[in-house]
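**Q** pasting the structure only:
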């Protein structure tokens, strides 16, 4: 158990819909990272937040957005969902110091029908 | 693009040492080598990391060449539960404005009874 929690574990929805994925970091961690893992793409970095502020951006679509709240939990919002958005979405957290270890949550499996 | 190259797959007999190689020929002086593994569709699990010196923990040993252009992860006595995809990653170790972690395709290790 990494100490990072993600909800929900599974999510099934239809094309065009909007969903919110939630992540609670390990106690004491200030940084949260979001990754997408689809069958043909591997683990793709989406975005990083540090203490409420966006720190780094990867290949995140404009239909996707994220935020980190004052209690340091983070939410990833996915809108206008397409079939291709079906994937595992992982959250990771770290202290936030450069090069520190990221600990991953169990993931949310999103299925878009 | 990932800054590391790994063999796509390897086999190892149960109880024997598993030696997983990684090439990172363009590594900078301020970059750590990190290893993670992912068992089936679970969240990636941190294994070990190092900068210049060899490192050992309860899970594995990390051997980094003197020129730092390659490294080897050693699982001393592989078990069936070590069957997973192993990722080798390089990450900066000094303060930067961002921390974009890039995962490559990794090495799929199969431990055979």
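**A** Looks like it came in fine. Here the structure is a predicted model, which is why all the values come from computation and not from measurement.
**Q** wait, what's in contact with residue A:49?
**A** A:31-33, A:55, A:66-68, A:74 (CB atoms under 8 Å, 6 or more residues apart in numbering or on different chains). For the C-beta atoms, the positions are set from N, CA and C on the backbone; glycine is no exception.
**Q** Run through the residues you listed and flag the ones next to chain B.
**A** Among those, proximity to chain B is found for A:31, A:33, A:55 (CB under 8 Å from any CB of the partner chain).
**Q** Now rank the residues you listed by neighbours and give me the top one.
**A** residue A:33 (29 neighbours; other CB atoms under 10 Å in any protein chain shown).
**Q** Report pLDDT for the residue lying farthest from the centre of chain A.
**A** Largest separation from the mean C-alpha position in chain A: residue A:113, at 20.4 Å (CA atoms, centre = their mean). Residue A:113 carries a pLDDT value of 96.
**Q** Could you double-check that it sits in contact with residue A:13?
**A** Yes - counting by CB atoms under 8 Å, residue A:13 is a contact partner of residue A:113 at 7.3 Å.
**Q** Okay, buried residues for stretch B:6-16 please.
**A** B:6, B:10, B:12 (16 or more other CB atoms under 10 Å in any protein chain shown).
**Q** where's stretch B:40-52 relative to the chain centroid, distance-wise?
**A** The chain centre lies 7 Å from the centre of stretch B:40-52; the measure is CA atoms, centre = their mean, to the nearest Å.
**Q** What strands flank the helix or strand of chain B with the lowest mean pLDDT, and is each parallel or antiparallel?
**A** Taking mean pLDDT, DSSP states H and E as the measure, the helix or strand of chain B with the lowest value is strand B:84-92, at a mean of 89. Strand B:84-92 has the following strand partners under DSSP bridges: strand B:31-38 (antiparallel), strand B:107-112 (antiparallel).
**Q** out of those strands, which comes closest to residue A:42?
**A** For the strands paired with strand B:84-92, proximity to residue A:42 was assessed by CB to CB; strand B:31-38 is nearest, at 10.1 Å.
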